[in-house]
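J.: predicted coordinates and the sequence they were generated for:
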Amino acid sequence: MNTTTPRVFIAATRQNDGKTTTSLGLIAALQKHFPRIGYIKPVGQRFVEIEEQKIDEDSVLMDSVYQLNCPLVDMSPIAVEPAFTRKYLQSANNEALVKKIQNSFDRVSWEKDFVLCEGSGHAGVGSVFDLSNAQVAKTLGCKVIIVSQGGIGKPIDEVCLNQALFEKEGVEIIGVIINKVHVEKIPEITRFVRSGLKRKGLDLLGVLPHEQLLSNPTVDLIREELRAELLNQPPTLDTLVEDVVVGAMGAQNAMQFFKRGTLLITPGDREDILLAAGATTAPNSDEKMAGIVLTGGLRPSDSVLKALQTLPIPVLLAKADSYQVASKVHNLTVKTRPTDAKKIALIRDIVARHINVKKIIDAL
């Protein structure tokens, strides 16, 4: 296996701590020093099917954004399907899986100046089939960066827990990145976390600010999550949802909530609210709502439906009731997608400004 190309492994203390956000921004920052960068997510858990191959969503994202010129199938060598763990426990084939990861790394790193490897959660994820993040990092000869969420005590506690498993595998940790910190708290958290990590022999590489934009889902992501039917043909489905309101009041009272970026959730038979929403939605206004979700599988009358179909915002029809829809939207895990141009630009900017990339390069 290739042992000469510089590489780094991005791990985290938990899922959804910001590995992909960090990876996405770091590739842009590292390209200033290493023009040809490869990417691999050795073990993926969220995947899409492309040409009958199961490819991790994050690999698709990196390939779409950066055109890294790596074989897509090698950027995502192992996709953990629902029955993957059961099959492995019945007939372990660790040697074959390790070989597959190593061969994919060789192809991803071919003629590259640097390779970024992204993990799939905390250090122990994958242990059940003998491919924990710590074991994979060791297999690929990577040094590790750990990403954790904002705070002081909790991230240090969780980093130490992960540190133990990486050190058990003989994997060196370059440092730690703290993510999702409110801007006004960055100086204080930076000071105390740096001091706390230093006591554990670890370095703080940066503190990333919390950006609400990165947590806002698009209407299209909500449509996919709800498996909702699109009832009209708006100019775009990539509008960001900034607020959610459940239309359970009279139309007159509901109108105050018809603001920019709002997603209106209301039963499909509340025609008074739907007509009021339609009447206040100007086609060329920058202040129009993000979209409307009709719930309960209830279609409005033909005349109201016809009016809704002319709206410049997405109108969705979901089978679930309003409470279920609102709960799903609230609990939605928002992942950056290739079409999220504003988010991607913001991620590049905050990583460039808040992470010490030189320190990472020097450590390698």
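T.: Sure, I can see it.

J.: so His354 touches Leu205, yeah?
T.: No. Between His354 and Leu205 there is no contact under CB atoms under 8 Å: 9.4 Å. In this view, the C-beta of every residue, glycine as well, is placed from N, C-alpha and C.

J.: ranges for the helices of the stretch 101-250 of the chain?
T.: Taking DSSP state H, counting those that start in this stretch, the helices of the stretch 101-250 of the chain run over residues 133-139, 153-168, 186-199, 212-215, 219-226.

J.: output those in a markdown table, with mean pLDDT and distance to Tyr323 appended to each entry.
T.: Supplementary listing: the helices of the stretch 101-250 of the chain in a markdown table, determined by pLDDT from 0 to 100; distance: least, CB to CB, whole Å:
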| stretch | mean pLDDT | distance to Tyr323 |
| --- | --- | --- |
| helix 133-139 | 98 | 37 |
| helix 153-168 | 97 | 31 |
| helix 186-199 | 97 | 36 |
| helix 212-215 | 93 | 22 |
| helix 219-226 | 95 | 13 |
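
J.: more neighbours: which of His354 and Leu205?
T.: Leu205 (23 against 19; other CB atoms under 10 Å).

J.: and the closest residue to the more buried one other than its chain neighbours, how many neighbours?
T.: Take Leu205 and drop its neighbours on the chain: the residue closest to it by CB to CB, 6 or more residues apart in numbering is Gly175, 4.0 Å away. Residues lying near Gly175 (other CB under 10 Å) number 20.

J.: what's the answer for the one 3 residues further on, then?
T.: Ile178 sits with 29 neighbouring residues when counted by other CB under 10 Å.

J.: now do Lys359
T.: Taking other CB under 10 Å as the criterion, the count of residues near Lys359 is 14.

J.: contact partners for the residue nearest to it when sequence neighbours are not counted?
T.: Nearest non-adjacent residue to Lys359, counting by CB to CB, 6+ apart: Leu205, 6.0 Å away. For Leu205, the contact set (CB atoms under 8 Å, 6 or more residues apart in numbering) comprises Ile145, Ile174, Gly175, Val176, Ile177, Ile355, Asn356, Lys359, Ile360.

J.: pretty sure the second one is touching Lys143, no?
T.: Put plainly, it is Ile174. Yes. Contact criterion CB under 8 Å: Ile174 and Lys143 qualify, at 5.0 Å.

J.: what about the two, which has more around it?
T.: Each of Ile174 and Lys143 has its neighbours counted (other CB under 10 Å); Ile174 has more, 21 against 18.

J.: what sits against the more buried one?
T.: Contacts of Ile174 (CB under 8 Å, 6+ apart): Val8, Lys143, Val144, Ile145, Asp203, Leu205, Ile360, Ala363, Leu364.

J.: from Thr22, how far out is the nearest residue to Ile50 once chain neighbours are set aside?
T.: By the measure of CB to CB, 6+ apart, the closest residue to Ile50 outside its immediate chain neighbours is Leu72, 6.7 Å from it. Remark: distance between Leu72 and Thr22 (CB to CB, to the nearest Å) = 21 Å.
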